[in-house]
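# Provide a 3D model corresponding to the input given below.
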Amino acid sequence: MVSDGPVLEVRHHWFPTRACGERSFLMNLEFSLNQRPEGDRPSLAEVVWSTGDVGQALSIVPPFMPRETRGKMRRLLQPWPSGRVSDAYSRSGGILNLFTPPWGEADDEVWAGMLSAWQAETFAGDHARQEALRALEQQWNATPHPFFAGLTPSQVMVGGGPREAGLAGEFLTQLARMYEGRPFESEGEALIKTLTLLRGWQSEPRRDGWTVRDIIVAERSALLARRARVLSSSR
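Numbers count the residues shown, from 1 in each chain. The predicted structure follows:
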């Protein structure tokens, strides 16, 4: 019997650095969690959203999946915290962020500025202070961030869907045709040229007038809305 569960395809692509190649594996793993099997069955991510049970979702994964890959899936599928989704720093950010450096909280001037403003405020009491901090965390979650090519941390956390997966494959195929076997003076030069190509490609209008970036943002927003609906109905 052929399993119709989540599938990870291995393809040959060109990357300007080894780190980008490793990040692309994480990106594709995130795509796979939002992939719906044939029929009306939920994705792995939806199973966790509705049940909170990562083990139940992983029971769907074929048994021959490598242990290391299964461990990464387990980490990606963990229920989100109620506050700031700081795990966004360790996600791939999809094709829009594949060739940018991984950022961490220590580098995040946006959050540092928000936190500094909160610390400077005067509150009626500790409860009001903590409520304001919780609201600030949710604001950060929903604010487009320069670390993530303008995606919000929540959009980064939810991962990409099938349309972004197809677009990512399209760009990486184009990249391989253009650059594979071409010499570069340094990794820095290769990264700059690749990122310049990506930013131009993501901004070109498609037949429907939408850019690649528009499509990706809309799909990730739709996944967030689906997540909110599933969480609400499972309570």
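
# so what does the longest helix that the chain contains touch, helix or strand wise?
The longest helix of the chain (DSSP state H) is helix 212-234. Based on contacts counted as 3 or more Cβ pairs under 8 Å, 6 or more residues apart in numbering; DSSP states H and E, the elements that helix 212-234 packs against are helix 44-51, helix 153-158, helix 162-179, helix 187-202. Bear in mind the C-beta positions are built from the backbone N, C-alpha and C, glycine included.

# and the second one, what's its mean pLDDT?
Think helix 153-158. Model confidence over helix 153-158, given as mean pLDDT, is 98.

# cool, and the third one?
This predicted structure assigns helix 162-179 an average pLDDT of 93.

# what does the longest helix of the chain contact?
Applying Cβ atoms under 8 Å, 6 or more residues apart in numbering, the set of residues contacting helix 212-234 from outside is 34, 45-46, 49-52, 94-96, 150-151, 154-155, 158-161, 163-164, 167, 171, 201-204, 206, 210.

# what is the neighbour count of the residue nearest to E46 when sequence neighbours are not counted?
With Cβ to Cβ, 6 or more residues apart in numbering as the criterion, E46 has its nearest non-adjacent residue at 5.8 Å, and that residue is V230. A count of nearby residues for V230, using other Cβ atoms under 10 Å, gives 17.

# how about A19?
Taking other Cβ under 10 Å as the criterion, the count of residues near A19 is 14.

# any idea how far it is from S186?
14 Å (Cβ to Cβ, to the nearest Å).

# ok, now G71?
Distance of G71 to S186, given as Cβ to Cβ: 34 Å.

# and the helix or strand harbouring K72 with helix 44-51, angle?
Secondary structure from DSSP states H and E places K72 in helix 67-77. Using axes from the mean of the first three to the mean of the last three Cα atoms, to 10 degrees, one finds that helix 67-77 and helix 44-51 are set 50 degrees apart in direction.

# pull out the buried positions in helix 67-77.
Buried residues in helix 67-77, counting neighbours by 16 or more other Cβ atoms under 10 Å, are found at M73, L76, L77.
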